[in-house]
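K.L.:
Just the structure for this:
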Amino acid sequence: SIYHDCGSTSSDRQRPGSRKIRNSLIQVALDYLAVGLDPEKSTIYVQSQIPALSELNMYYLNLVTVSRLERNPTVKSEIQQKNFNRSIPAGFLTYPVSQACDITAFKAELVPVGDDQEPMLEQAREIVRTFNSIYGDVLVEPEGVFPPKGQGRIPGLDGNAKMSKSLGNCIYLSDDEDTLRKKVMSMYTDPNHIHVEDPGQVEGNIVFTYLDIFDDDKEKVQELKDHYRAGGLGDVKIKKYLFEVLNKELTPIRERRLEFAKDIPAVYDMLKHGSEKANQVANKTLHEVKEAMGLNYFE
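P.N.:
Predicted coordinates:
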């Protein structure tokens, strides 16, 4: 199952923040549908509409120490990036526990994750092991499904860490062709590759990182790398080539997205149906968890 955390409010009395949240929810749902996720095969639901997740979170928090949460590499990295220092929102610090609820409520056996999410998955596995050791084998310990080496974390257009909305260094599935072209042409390359004839560095060059991930013609990519290293290949030329590769990949996704966007009420209906279905499964797991903990007092 796939989730997106979003609250919901009455559509006729929305504050600006609420409108932003609702719009973000729809944008993510459109992305899911555009890349080919089929609601008949994958349950797409709104996390905030699954009350059982909040209750599971309360129980799981008692299985984790603050020091363990603070040692989580992904959390530490995000804290530094957002300059929280010691003013860390409690919900942010405990996000790995919330993510463990998302996974275990549906007894997921396999979880696709990028490199930066591996510590989050490991913390979920620890919670499962701790719970099962205390209360019996109720929860399923998930395994990670990882992308090929070097492709588990796509860097931002500016060369920083990863794509991030807050950093403004992303390519979106909704970007039109002109926007995509402008973003690709602005990408970080080798700052020392000033003249076309100069030898360039491939390592750390974001254009080549993207080509390694998205271009199926590996021989062509290797030729470009060799040429760039030897000198005589300009940044503009490789960026134009990357644009062609990305545009070929994204055009059918973009077109499907536009089609789905023509009927937003149908997207809401899909999310509502998915949330109802997810609720049934999560409630069943919650019942099993409470029974194992001896909290089903009136049954």
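K.L.:
mind listing the strands for this protein?
P.N.:
Ranges of strands within the chain are 2-4, 44-46, 110-112, 143-145, based on DSSP state E.
K.L.:
Using CSV, lay out those strands together with distance to residue 223, mean neighbour count and mean pLDDT.
P.N.:
All C-beta atoms are positioned from the backbone trio N, CA, C, and that covers glycine. Formatted as CSV, the strands of the chain follow (distance: least, C-beta to C-beta, whole Å; neighbours: other C-beta atoms under 10 Å; pLDDT from 0 to 100):
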stretch, distance to residue 223, mean neighbour count, mean pLDDT
strand 2-4, 38, 19, 43
strand 44-46, 41, 23, 95
strand 110-112, 32, 13, 93
strand 143-145, 32, 13, 93
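K.L.:
Tell me the pLDDT of residue 189.
P.N.:
Looking at residue 189, its pLDDT stands at 92.
K.L.:
This protein - how does it break down into domains?
P.N.:
Here the domain assignment for the chain is 5-153+264-293, 165-259, based on the TED database.
K.L.:
for the stretch 51-200 of the chain, what are the low-confidence residue spans?
P.N.:
Scanning the stretch 51-200 of the chain for pLDDT under 70 picks out the ranges 150, 152, 161.
K.L.:
Helices along this structure, start to end?
P.N.:
16-34, 51-61, 66-71, 73-81, 90-93, 95-104, 118-135, 177-185, 206-214, 218-230, 235-261, 264-293 (DSSP state H).
K.L.:
Which among these is found nearest to residue 164?
P.N.:
For these, proximity to residue 164 was assessed by C-beta to C-beta; helix 73-81 is nearest, at 7.8 Å.
K.L.:
still on that earlier bit, could you export the domains of the chain as TSV, including distance to residue 299?
P.N.:
As requested, the domains of the chain are arranged in TSV below (distance: least, C-beta to C-beta, whole Å):
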stretch	distance to residue 299
domain 5-153+264-293	8
domain 165-259	45
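K.L.:
mind checking which of the ones you listed is nearest residue 159?
P.N.:
Judged by C-beta to C-beta, the one of the domains of the chain that comes nearest to residue 159 is domain 165-259, at 3.6 Å.
K.L.:
Can you give the distance of that closest one from its chain's centre?
P.N.:
Relative to the chain's own centre, domain 165-259 is displaced by 21 Å; criterion: C-alpha atoms, centre = their mean, to the nearest Å.
K.L.:
cool, and stretch 137-150?
P.N.:
Centroid separation for stretch 137-150 versus its chain: 15 Å, with C-alpha atoms, centre = their mean.
K.L.:
again, but for stretch 59-74
P.N.:
On the basis of C-alpha atoms, centre = their mean, stretch 59-74 sits 21 Å off its chain's mean C-alpha point.
K.L.:
Also stretch 75-91?
P.N.:
Its chain's C-alpha centre and that of stretch 75-91 lie 18 Å apart, by C-alpha atoms, centre = their mean.
K.L.:
which residues touch the closest residue to residue 197 other than its chain neighbours?
P.N.:
Distances taken as C-beta to C-beta, 6 or more residues apart in numbering place residue 231 nearest to residue 197, at 5.1 Å, with adjacent residues excluded. Residue 231 is in contact with 196, 197, 198, 199, 200, counting by C-beta atoms under 8 Å, 6 or more residues apart in numbering.
K.L.:
now do residue 253
P.N.:
Residues in contact with residue 253 (C-beta under 8 Å, 6+ apart) are 34, 35, 173.
K.L.:
quick one on the thing from earlier: quick check, pLDDT for the residue nearest to residue 197.
P.N.:
Looking at residue 231, the pLDDT reads 95.
K.L.:
now swap in the one 3 residues further on and tell me
P.N.:
According to the model's per-residue confidence, residue 234 sits at a pLDDT of 94.
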